[in-house]
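Trainee: Structure, please.
(chains A and B)
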Amino acid sequence: MNCAVLQFPGSNCDQDAVKAVAGTLSLKADLVWHETADLNAYDLIIVPGGFSYGDYLRAGAIARFSKAMQATVAAAERGAYVLGICNGFQILTEAGLLPGALRRNDHRQFRCDMVELEVVNGATDFTRAYEKARVTIPIAHGEGNYYVDDEMLKRLEENQQIVFRYASEQSPNGSVANIAGVINERGNVLGMMPHPERAVSERLGSTDGISLFRSILTSWRDGHAS
Amino acid sequence: MNFIASIRVTLKESVLDPQGSAVVHALHSLSFTSVSDVRIGKYMEVSFHADDEQTARAQVSRMCDQLLTNPVIETYSFTLAEVRE
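Mentor: Next comes the predicted model:
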């Protein structure tokens, strides 16, 4: 499985993502600069957290027009896996790869914390290795307040596209239906505000991100078994 | 013809505005107790060229739909002024 981690001006979780892929899958992910227009070689594209182009206008609004993001949209169309984390999730919603939008946190504060998540759909290509329904993964964001209207929320629920919810009664950011991560209808694009790449060793305080990366590799191998 | 579009972007009515709520509290603490709501938005001025006003309006709408606003959470309105050299 060939992995790419995109780099925008302002990305700051890109190295964490590369290290998580190396540590959990023993694979070397390529760092790909945002001006790269060809991502045909990659089976998994990670859009990392941090910032992109100063997040002018709205978080992710400008990054969406980069060559690498246009190539990511094309890659998603051919069935490659795309994982957007934090700012990466914001970019994927702006690019139209995932429904909804991420607003400023309802309490207006940047929130950096370990949070408990409910794995709502453990049957996706990104979550099939999870053996427990509750996991602990850190968040670090000021704009993670997920919004969809009632009609779209109903569709997400019916299609089982809600993959992670914040397990606490009160979400850390005000998200509609406590949503922390959603997947597209086809099942190959996942966006989430929590950072699985920061939960891959005991020294980081949690190992619950490991199963996410392992799920992707297992799914890819199943899809390529001949 | 040269135009300047003055564009107002606001959150949809159904979308909570946490910044606006914070400003309501601040105004209340300044004794402006009659304030019931504040909505915070963005204002943009775009200078551009178009053949006529109708084309110009259509262009501004497309700019707003494709980049300047996120239609999932935001709404916009604009006025257009012709700039004579």
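
Trainee: what's around the closest residue to chain B within chain A, how many residues?
Mentor: Relative to chain B, the nearest point of chain A is residue A:101 (4.1 Å; C-beta to the nearest C-beta). All C-beta spots, glycine's among them, are computed from the backbone N, C-alpha and C. Using other C-beta atoms under 10 Å in any protein chain shown, residue A:101 is surrounded by 22 other residues.

Trainee: Which residues are in contact with it?
Mentor: Residues near residue A:101 by C-beta atoms under 8 Å, 6 or more residues apart in numbering or on different chains: A:93, A:94, A:146, A:147, A:148, B:70, B:72, B:73.

Trainee: Touching, the fifth one and residue A:98? I think so.
Mentor: The one in question is residue A:148. No - using C-beta atoms under 8 Å as the test, residue A:148 is too far from residue A:98 to be in contact (10.1 Å).

Trainee: circling back: which of the contacts of residue A:101 sits closest to residue A:193?
Mentor: Residue A:193 has its nearest neighbour among these in residue A:146, at 7.4 Å by C-beta to C-beta.

Trainee: Show me what the helix or strand hosting that closest one is packed up against.
Mentor: Here residue A:146 sits within strand A:145-147, counting by DSSP states H and E. For strand A:145-147, the contact count by 3 or more C-beta pairs under 8 Å, 6 or more residues apart in numbering or on different chains; DSSP states H and E identifies strand A:101-103, strand A:179-183 as packing neighbours.

Trainee: again, 7 Å this time
Mentor: In this structure, strand A:145-147 packs against strand A:101-103, with contacts taken as 3 or more C-beta pairs under 7 Å, 6 or more residues apart in numbering or on different chains; DSSP states H and E.

Trainee: Show the backbone phi and psi for the residue in chain B positioned nearest to chain A.
Mentor: Ranked by C-beta to the nearest C-beta, the top residue of chain B for proximity to chain A is residue B:72, at 4.1 Å. Per-residue torsions, residue B:72: phi -70, psi -40 (degrees, to the nearest 10).

Trainee: got a list of what the residue lying farthest from the centre of chain B touches?
Mentor: Distance from the centre of chain B peaks at residue B:31, with 28.3 Å (C-alpha atoms, centre = their mean). By C-beta atoms under 7 Å, 6 or more residues apart in numbering or on different chains, the contact set of residue B:31 is empty.

Trainee: List the buried residues of the lowest-mean-pLDDT helix or strand in chain B.
Mentor: Least confident helix or strand of chain B, by mean pLDDT, DSSP states H and E, is helix B:18-29 with a mean of 93. Going by neighbour count (16 or more other C-beta atoms under 10 Å in any protein chain shown), the buried part of helix B:18-29 is B:18, B:21, B:23, B:24.

Trainee: pretty sure residue B:78 is touching residue B:5, no?
Mentor: Yes - counting by C-beta atoms under 7 Å, residue B:78 does reach residue B:5; the two are 5.1 Å apart.

Trainee: Looking at these two, which has the bigger crowd around it?
Mentor: When neighbours are counted by other C-beta under 10 Å, residue B:78 and residue B:5 differ, and residue B:5 comes out ahead with 22 against 18.

Trainee: Okay, and the beta partners of that one?
Mentor: Residues in a beta bridge with residue B:5, per DSSP bridges, are residue B:46, residue B:80.

Trainee: Could I get the contacting residues of it?
Mentor: Contact analysis of residue B:5 by C-beta under 7 Å, 6+ apart lists B:46, B:60, B:78, B:80.

Trainee: Run through the residues of chain A sitting next to chain B.
Mentor: Chain A has residues A:58, A:61, A:94, A:100, A:101, A:103, A:104, A:106, A:108, A:147, A:149 near chain B, with proximity defined as C-beta under 7 Å from any C-beta of the partner chain.

Trainee: and the residues you listed, which are buried?
Mentor: With burial judged by 16+ other C-beta under 10 Å, the buried subset of the residues of chain A next to chain B is A:58, A:61, A:94, A:100, A:101, A:103, A:104, A:106, A:147.
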